[in-house]
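Engineer: I'd like to go over a predicted model; first the sequence, then the structure.
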Amino acid sequence: MKEKDQIANIASALYRNRKRLIYLGLIAFVLSAAITLLMPNYYEATTVFYPTSEDLIKPEKLFGGAQTDMRFYGTDAEMDRLIAMAQSPELFDYLIEKFELTERYGIAPDSRQWRTRVRNQLDENLTIRKTRFDGIELSVEDTDPEIAAQMANSARERLASIAERVLKSAQKNMIETLDKTVMEKEVMVSILRDSLVRMRQYYGIYNLDAQSEHFAGLISQLETDLEKERVKFDILSANPRISRDTLTFMEANLRGMEQQYRFLTEGDEEQLSGLRRMNVGMPLIQMLQSQHYREYTQLDYDRMRLKNLRAANRAPFQAVFVIQEAYPPDRKVRPKRSLIVLASVFFVIFFGALGIVAIESIDKDTIKKITSS
């Protein structure tokens, strides 16, 4: 029963004060309507684009040699990078200067923290987000629809320019590093080549395979001839009818062949020829040849990389694919005047009703005591 009585009392109080509530609602309606009419209209211009892939400036993708196919559209990493760049002071300062936003936003350039205030205002009017189709949507709000469209397109173009400069700058750093590496390798290859020439001259080895084969055949033939001459000399020296001069000549010829054999097989490193000298010099020259080949091959590869990097760096590159240009909008996005007016009237009536109920619920005797005291 008490609850029903309370509800009845509240309804009765609201009914008795219905005119007051209506007047409050009318006043709220008139004031909110007047205020909203004084608020400027804001128009939103939107441009949509996709980030391009870094593959479009990678030499291995442009000139071949990559293990995977070239991607034309950027991944989430490229999208996140562009969105992060959209919050950079460079982009904001560019728009502030180009469109004179200090004047448009009514902020004096000589006031305290004017740049921060202008940036904050621009940050409220500029939004960038991913779309459900994996694109990027950049929107700018302004009281002038033409300016809103121009700002959106300029922001996109500047954003693409910043992204392109960042990628090209990183590529230039790679070129400088690789250029230093190539110069160092050129010096190393030159040193190895000079060392190889000196070693070949010292050991008399210019063609390992040919000279090894030549030495092996020469020694084998000399061993055979030497054995024949020894047998021949032994047989003829036992024959008393052979003259002494003939035997002396044969002996001298045999001694010469033996000396030639010792020269080839037992020569030391100071001799210009000799199998031992060749055996000593061969592994050293093979090692230098192998090292020179490796370094020269790497140098040739690095030169090609450097050439391709420079070509890729000079090639034109667009950081974004434009899907939709920003055009001057013909409909405002804010303020929502009808919603503001309705919300104002509702809250004024609601809080007015609460006030009436609160006043009606206070005991009259208590009010008299308070007023009399």
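Structural biologist: Arrived safely.
Engineer: confidence score at the residue nearest to R310 when sequence neighbours are not counted?
Structural biologist: Closest residue in space to R310, ignoring its immediate chain neighbours: I175 at 6.1 Å, by C-beta to C-beta, 6 or more residues apart in numbering. All C-beta spots, glycine's among them, are computed from the backbone N, C-alpha and C. Note on I175: pLDDT of 91.
Engineer: next, count neighbours for I175.
Structural biologist: By the measure other C-beta atoms under 10 Å, the count of residues near I175 is 16.
Engineer: which SSE is it in?
Structural biologist: In this assignment (DSSP states H and E), I175 forms part of helix 145-203.
Engineer: so what secondary structure elements neighbour that helix?
Structural biologist: Applying 3 or more C-beta pairs under 8 Å, 6 or more residues apart in numbering; DSSP states H and E, one finds that helix 145-203 contacts strand 42-51, helix 76-85, helix 89-98, strand 136-142, helix 275-314, strand 320-324.
Engineer: so who does the nearest residue to L299 once chain neighbours are set aside touch?
Structural biologist: Distance criterion C-beta to C-beta, 6+ apart; nearest residue to L299, sequence neighbours excluded, is K185 at 4.4 Å. Shown here is K185, whose contacts under the criterion C-beta atoms under 8 Å, 6 or more residues apart in numbering are 295, 298-299, 302.
Engineer: picking that back up, contacting residues around the residue nearest to R310?
Structural biologist: Contact analysis of I175 by C-beta under 8 Å, 6+ apart lists 306, 309-310, 313.
Engineer: cool, and P40?
Structural biologist: With C-beta under 8 Å, 6+ apart, P40 has these contacts: T143.
Engineer: phi, psi for it please.
Structural biologist: P40 adopts backbone torsions of phi -70, psi 150, taken as degrees, to the nearest 10.
Engineer: equivalent analysis for A86, please.
Structural biologist: Main-chain dihedrals, A86, degrees, to the nearest 10: phi -70, psi -20.
Engineer: I'd guessed it sits against I128; true?
Structural biologist: Yes. Using C-beta atoms under 8 Å, A86 is in contact with I128, at 4.5 Å.
Engineer: circling back: would you tell me which one of the contacts of K185 comes nearest to E164?
Structural biologist: Lowest distance from E164 to the contacts of K185 (C-beta to C-beta) belongs to D302, with 25.9 Å.
Engineer: which residue is the nearest non-sequential neighbour of the closest one?
Structural biologist: Using C-beta to C-beta, 6+ apart and skipping the chain neighbours, the partner closest in space to D302 is V182 (5.1 Å).
Engineer: against I175, how distant is the one you found?
Structural biologist: 10 Å (C-beta to C-beta, to the nearest Å).
Engineer: Three-state assignment for R132, please.
Structural biologist: Secondary structure state of R132, per DSSP: H, G, I helix; E, B strand; the rest coil, is coil.
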